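Colleague: need the 3D shape of this:
(4 chains)
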Protein chains: 2
Amino acid sequence: MTRTERLLKLLQVLRSYRYPVSGQRLAERLDVSLRTIYRDIATLQAQGAQIEGEAGVGYVLKPGFFLPPLMFSQTEIEALLLGIQWVSQYGDKPLTQSAMDVASKITHVLPSNIKKEMHTLSLRVGPPMKEILAKEDLTSLREAIRGQKKIYIDYQSQKKARTQQIVWPFTIGYFTTGRILVGWCETKNDYDCFNTLGIISMKALDETYPRSRDSLFRDWQALQFSKLGIIRGKKN
Amino acid sequence: MTRTERLLKLLQVLRSYRYPVSGQRLAERLDVSLRTIYRDIATLQAQGAQIEGEAGVGYVLKPGFFLPPLMFSQTEIEALLLGIQWVSQYGDKPLTQSAMDVASKITHVLPSNIKKEMHTLSLRVGPPMKEILAKEDLTSLREAIRGQKKIYIDYQSQKKARTQQIVWPFTIGYFTTGRILVGWCETKNDYDCFNTLGIISMKALDETYPRSRDSLFRDWQALQFSKLGIIRGKKN
DNA sequence: ACACTACTGCCATTTTTTGACAGTATAGCA
DNA sequence: TGCTATACTGTCAAAAAATGGCAGTAGTGT
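Modeller: From the prediction side, this is the model:
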């Protein structure tokens, strides 16, 4: 295995640990000496990888991920940047920010001939959205979903009365006109959707919900399809 | 310069040439022997770079680009994939395909712990669009825009009569409900917008239009803003 | 036919990488 | 406080990889 390959693999290995891992262990995994690991880590750090080493503890790769060299075609780049543009226009505030960061990271490393073509983006997305949507910040909600945590929300829909519920959130739908949180509502014992603008306050609980986000999502999706079938049946 | 660095630099150099470049020249640029260049190119090809060499001609890096290792945060990845999802849902057919390719390339190199979290995308975009929009293929239009070529279109808007025009296309607006081509209409001697679904046929001409896409775009945009100002003025 | 070029094999030389060992420093813990 | 686990550095000889040179084959364009 050539050095370059090993450096890449080292990153992969580092990523696979959630907790600090000792250099010794890395050395065993990669079948090289500890000394070499120290050198490799120094090299990766020099290349910008966020690896943190603490004496007596080990190494952790700080959250984030390292995209190894990838080839993209012109059209793929256009798709990528168009998507990023959509997010930066219709995402909530932190997503917008992240999208712009991604765009600058990517365009920064684009070869100059392609960069020039991309500079005035030849593809654009729709009109700007309402200010209230642009200002929204769903970070805590996304974190709850990532961590599969129950949340407590104080919710006021447009039509119904204000209620307080415990929800197992598993996905957010991003629309041009708004965003919908989908989850299992523990209070109602059923799936439910919430317009994010109607969430007056929300608090993530420590409790992890008992089913995986994945399975909840699939269940819900299957339910949607079957409902669709019924509706179609009625219509026909 | 370490070998790894040189490999990356070799790609940069290759990109900077639009026409085939000989190995000899590359060797001079990078200050190594020709033999080493051959070896380096073989290495890059093995890593997936689309470099084509022809005897008697030289090397060309096929269009597309090599994304060097980049770090993205979790939120940035979410933004990236959400955007890609939007494109794969609302793009025309080739863009949809490219978006899916991008998604698979990216998720393929994602560390497994993050990959798992992304598998059921916790963020989603709106409802599917009309089939007719999904089937549309705007490749030739995008190519004309990239190459700043004039196009001849046979156009039928919903309200007005069918017309034939020569247009300098410079951008496409992607909306959830359709797509708008924006360009300078040579026939009408003014900027104009065309619903892409109304384009009955289109032919890219060999002729490059005389102003840069960039400047056309800026002009047009300024015009839009000033119109907006007038409308605002009326409203107030 | 000729010039130019990609590409391969071989080998001696040069450079880089590696492992080993010795040593310093720091964090966490009892 | 000591003890252990660990990060990290310096040095050096051995091993491995990279390099350049050269000779040769083959494809392309003029």
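Colleague: ok, now which ones touch A:K150?
Modeller: Contact analysis of A:K150 by Cβ atoms under 8 Å, 6 or more residues apart in numbering or on different chains lists A:A144, A:I166, A:V167, A:W168, A:E186, A:A204, A:L205, A:E207, A:T208, A:Y209. All C-beta atoms are positioned from the backbone trio N, CA, C, and that covers glycine.
Colleague: in a helix, that's where it is, yeah?
Modeller: No. Under DSSP: H, G, I helix; E, B strand; the rest coil, A:K150 falls outside any helix and is assigned strand.
Colleague: what about A:L81, neighbour count?
Modeller: Using other Cβ atoms under 10 Å in any protein chain shown, A:L81 is surrounded by 21 other residues.
Colleague: what angle do the helix or strand hosting it and helix B:74-90 make?
Modeller: Using DSSP states H and E, A:L81 falls within helix A:74-90. Going by axes from the mean of the first three to the mean of the last three Cα atoms, to 10 degrees, helix A:74-90 is angled at 110 degrees with respect to helix B:74-90.
Colleague: and helix A:74-90, what does it pack against?
Modeller: helix A:93-109, helix A:112-119, strand A:123-125, helix B:74-90, helix B:93-109, helix B:139-147 (3 or more Cβ pairs under 8 Å, 6 or more residues apart in numbering or on different chains; DSSP states H and E).
Colleague: export only the CA atoms of the longest strand seen in chain A, formatted as PDB.
Modeller: Assignment by DSSP state E gives strand A:163-175 as the longest strand of chain A. C-alpha atoms of strand A:163-175 as PDB (Å, rounded to 0.1, in the frame of the first residue of the first chain):
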ATOM      1  CA  THR A 163     -51.400  22.300  22.100                       C
ATOM      2  CA  GLN A 164     -48.400  20.800  23.800                       C
ATOM      3  CA  GLN A 165     -47.100  17.500  22.600                       C
ATOM      4  CA  ILE A 166     -44.300  15.000  22.800                       C
ATOM      5  CA  VAL A 167     -43.100  14.100  19.300                       C
ATOM      6  CA  TRP A 168     -40.500  11.700  17.900                       C
ATOM      7  CA  PRO A 169     -39.300  13.700  15.000                       C
ATOM      8  CA  PHE A 170     -37.800  11.900  12.000                       C
ATOM      9  CA  THR A 171     -37.900  14.100   9.000                       C
ATOM     10  CA  ILE A 172     -38.300  17.700   7.800                       C
ATOM     11  CA  GLY A 173     -39.900  18.400   4.400                       C
ATOM     12  CA  TYR A 174     -38.400  21.500   2.800                       C
ATOM     13  CA  PHE A 175     -40.800  23.300   0.500                       C
END
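Colleague: next one: that strand to chain centre, how far?
Modeller: 16 Å (Cα atoms, centre = their mean, to the nearest Å).
Colleague: now that strand: mean pLDDT?
Modeller: Strand A:163-175 shows a mean pLDDT of 91.
Colleague: buried residues in it?
Modeller: Buried residues in strand A:163-175, counted by 16 or more other Cβ atoms under 10 Å in any protein chain shown: A:Q165, A:I166, A:V167, A:W168, A:P169, A:F170, A:T171, A:I172, A:G173, A:Y174.
Colleague: how about a markdown table for the residues you listed, with distance to B:R6 added?
Modeller: A markdown table is the format used below for the buried residues of strand A:163-175 (distance: Cβ to Cβ, whole Å):
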| residue | distance to B:R6 |
| --- | --- |
| A:Q165 | 60 |
| A:I166 | 58 |
| A:V167 | 54 |
| A:W168 | 52 |
| A:P169 | 49 |
| A:F170 | 47 |
| A:T171 | 46 |
| A:I172 | 45 |
| A:G173 | 47 |
| A:Y174 | 43 |
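Colleague: near chain B, which of these show up?
Modeller: A:F170, A:T171, A:I172, A:G173, A:Y174 (Cβ under 8 Å from any Cβ of the partner chain).
Colleague: pretty sure the first one is touching A:Y191, no?
Modeller: No. Between A:F170 and A:Y191 no contact is recorded; they are 9.3 Å apart, counting by Cβ atoms under 8 Å.
Colleague: next, show the common contact partners of the two.
Modeller: A:V182, A:G183, A:W184, A:W220.
Colleague: can you tell me who A:I51 pairs with across the strands?
Modeller: Under DSSP bridges, the beta-bridge partners of A:I51 are A:L61.
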